[in-house]
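In: structure for this input, please:
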Amino acid sequence: MMLWNLRGYGRAFDLLDDAVRAELAERLGEAETSVLILDCLNPALVALGLSESSNDDTGKFLAAFDELLVEAGIDDALIVHHMGHSAERARGASKLQGWPEVNWKYVRERADDESEVESGARFLSAYGRDVDAGESALAYDAATRRLTFLGGTRRQYGIEQHVETVADVVRKSTESEGAYTINMTTLKDRLGQQIGVSRNETLVSIVNAAVERDLVHSRKVGTSKRFGVGPEPTGEDGGDAA
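Out: Numbers count the residues shown, from 1 in each chain. This next block holds a predicted model:
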């Protein structure tokens with residue numbers, strides 16, 4: 001692997017200059033480069049006085065980048081570009097959406113209020129020509145610096161993180177108030193306070209997931225559904241949390 005650190009030397013990557021591009025192509029060809037990764041796009045554009053918000057500017061740069069790949073005999077390339085603070089699409093010109101053969105989206109875990117969790121899990125998805133890979137959680141191995149697909153979307157990951165807490169809440173209720181005394185409303189309130197989640201849909205999904213995994217069980221008591229832990233209830237009173 002060959003690394004060129006161009007921080008502060010962005011003009012050295014002036015692909016719009018035929019002579020500069022030819023020199024870069026020669027060096028990449030001599031290194032027998034098979035994959036070229038540009039990380040990241042915006043500084044390269046800014047150094048050349050180009051705007052990421054302009055289709056004309058980004059189009060010129062990307063066309064020159066394609067020429068570089070052909071001249072250097074490189075088959076595959078990847079350009080890293082950032083998204084906005086909240087949006088989950090490439091920042092700037094629409095050309096940045098249409099140029100790639102495949103768009104890879106690397107995102108962070110989101111909290112209940114849709115804000116990103118700084119130290120949370122990371123997720124990757126990819127969609128494009130002959131590629132349709134749904135969102136999957138990633139595991140990072142610091143020793144090898146490798147990422148591994150774990151599977152599961154951000155929503156699924158967030159739910160699975162808290163199913164054990166549902167059992168803890170129900171268990172404490174059973175110890176203090178008796179078995180099958182806590183109803184859905186109370187369970188959601190206590191669960192939400194403990195995990196910092198307020199959205200009703202999310203809380204119900206977490207409870208349902210705990211029931212599906214047999215961590216807790218539900219039973220109809222009177223007109224309401226109550227929850228408990230231990231052996232699954234049988235007979236007409238048994239049920240789930242739906």
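In: only C-alpha atoms from now on, for both contacts and neighbour counts.
Out: Noted.
In: what strands flank the longest strand seen in the chain, and is each parallel or antiparallel?
Out: The residue-count maximum for a strand in the chain (DSSP state E) belongs to strand 131-141. Counting by DSSP bridges, the strands paired with strand 131-141 are strand 122-128 (antiparallel), strand 146-149 (antiparallel).
In: tell me how the protein divides into domains.
Out: 1-100, 103-152, 156-239 (automatic domain parsing).
In: can I get those domains in a markdown table with mean neighbour count and mean pLDDT?
Out: Output for the domains of the chain, formatted as a markdown table (neighbours: other C-alpha atoms under 10 Å; pLDDT from 0 to 100):
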| stretch | mean neighbour count | mean pLDDT |
| --- | --- | --- |
| domain 1-100 | 15 | 93 |
| domain 103-152 | 14 | 87 |
| domain 156-239 | 17 | 88 |
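In: related to what we said a few turns ago, any chance of the strands paired with strand 131-141 in a markdown table, plus distance to I206?
Out: A markdown table is the format used below for those (distance: least, C-alpha to C-alpha, whole Å):
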| stretch | distance to I206 |
| --- | --- |
| strand 122-128 | 20 |
| strand 146-149 | 23 |
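In: please name whichever of those is nearest to V170.
Out: Between V170 and the strands paired with strand 131-141, the shortest gap by C-alpha to C-alpha is with strand 122-128, which sits at 30.4 Å.
In: now the strands: where do they sit in this structure?
Out: So, for the chain - with DSSP E - the strands run 35-39, 76-80, 102-108, 122-128, 131-141, 146-149, 182-183, 217-221, 224-228, 238-239.
In: looking at these, which is closest to S53?
Out: strand 76-80 (15.7 Å).
In: show me what the closest one is packed up against.
Out: strand 35-39 (3 or more C-alpha pairs under 8 Å, 6 or more residues apart in numbering; DSSP states H and E).
In: tilt between the strand it packs on and strand 76-80?
Out: Here the directions of strand 35-39 and strand 76-80 differ by 10 degrees (axes from the mean of the first three to the mean of the last three C-alpha atoms, to 10 degrees).
In: roughly how far out does the longest strand of the chain sit from the chain middle?
Out: Its chain's C-alpha centre and that of strand 131-141 lie 8 Å apart, by C-alpha atoms, centre = their mean, to the nearest Å.
In: figure out how far the lengthiest helix in the chain is from the centre of its chain.
Out: In the chain, taking DSSP state H as the definition, the longest helix is helix 154-177. Relative to its parent chain, helix 154-177 has a centroid offset of 24 Å by C-alpha atoms, centre = their mean.
In: give me the contacts around that helix.
Out: 109-110, 123, 135-137, 179-182, 187, 190-191, 195, 202, 205-207, 209-210, 215-216, 227-229 (C-alpha atoms under 8 Å, 6 or more residues apart in numbering).
In: which of those residues fall within helices?
Out: Using DSSP H, those in helices are 187, 190-191, 195, 202, 205-207, 209-210.
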